[in-house]
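K.L.:
got a sequence here, can you build the structure:
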Amino acid sequence: MKIIYRDGTVAECPPEEVQHVLRHSTAHCMAQAIQRLWPDADFAYGPATEKGFYYDVDLGDRKLTDDDLAAIEKEMKKIVKENIPVKPFILPRDEAIKLMHERGAKYKEEHIGDLDEDAVISFYQQGD
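P.N.:
Sure, this is the predicted structure:
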């Protein structure tokens, strides 16, 4: 399996990283599906874990139901079929904060502030 790194290079994924990369990519797909279904969703963290993945997301007063989970899964399947290119990019801290502020991503903006001063702040854009 080939993967795209945050600097834009594409290479074969080391076998020991395949499961982590798939889980991380799936978390991104799920976030995109949630964003399509609830455009005001505000995302915090969405890491891959040893047992799968998750994404902390603020939907305001809405509580997810089993029907919502089915709708998210259906939207994820649509996204996968769309085969949308993934475009990595890196921003300096001030530009990264500005971008997250403009998008109303308060948790992401806050997270950037928690990173070390010398942290590389990378993004992966997939469609909208």
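K.L.:
need phi/psi at residue 8.
P.N.:
Torsion angles at residue 8 (phi, psi; degrees, to the nearest 10) stand at phi 90, psi -10.
K.L.:
same question, residue 10
P.N.:
According to degrees, to the nearest 10, residue 10 has phi -120, psi 130.
K.L.:
ok, now which ones touch it?
P.N.:
Neighbouring residues of residue 10 by Cβ atoms under 8 Å, 6 or more residues apart in numbering: 2, 3, 4. Yep, even glycine has a C-beta here, placed from its N, CA and C like the rest.
K.L.:
surely the last one meets residue 85?
P.N.:
No - with contact defined as Cβ atoms under 8 Å, residue 4 does not count as touching residue 85 (9.2 Å).
K.L.:
give me the element the residue positioned nearest the centre of the chain is part of.
P.N.:
Residue closest to the average C-alpha location in the chain (Cα atoms, centre = their mean): residue 28, at 3.5 Å. Using DSSP states H and E, residue 28 maps to helix 18-37.
K.L.:
and the contacts of residue 10, which are buried?
P.N.:
Neighbour-count burial (16 or more other Cβ atoms under 10 Å) is assigned, among the contacts of residue 10, to 3, 4.
K.L.:
dump the contacts of residue 10 to JSON lines, plus distance to residue 47.
P.N.:
Converted to JSON lines, these look like this (distance: Cβ to Cβ, whole Å):
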{"residue": "2", "distance to residue 47": "22"}
{"residue": "3", "distance to residue 47": "17"}
{"residue": "4", "distance to residue 47": "18"}
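K.L.:
inside strands: which ones of the contacts of residue 10?
P.N.:
2, 3, 4 (DSSP state E).
K.L.:
the closest residue to the first one other than its chain neighbours and residue 87: what is the separation?
P.N.:
For residue 2, the nearest residue in space outside its immediate sequence neighbours is residue 10; the separation is 5.5 Å by Cβ to Cβ, 6 or more residues apart in numbering. Between residue 10 and residue 87 the distance, using Cβ to Cβ, to the nearest Å, works out to 12 Å.
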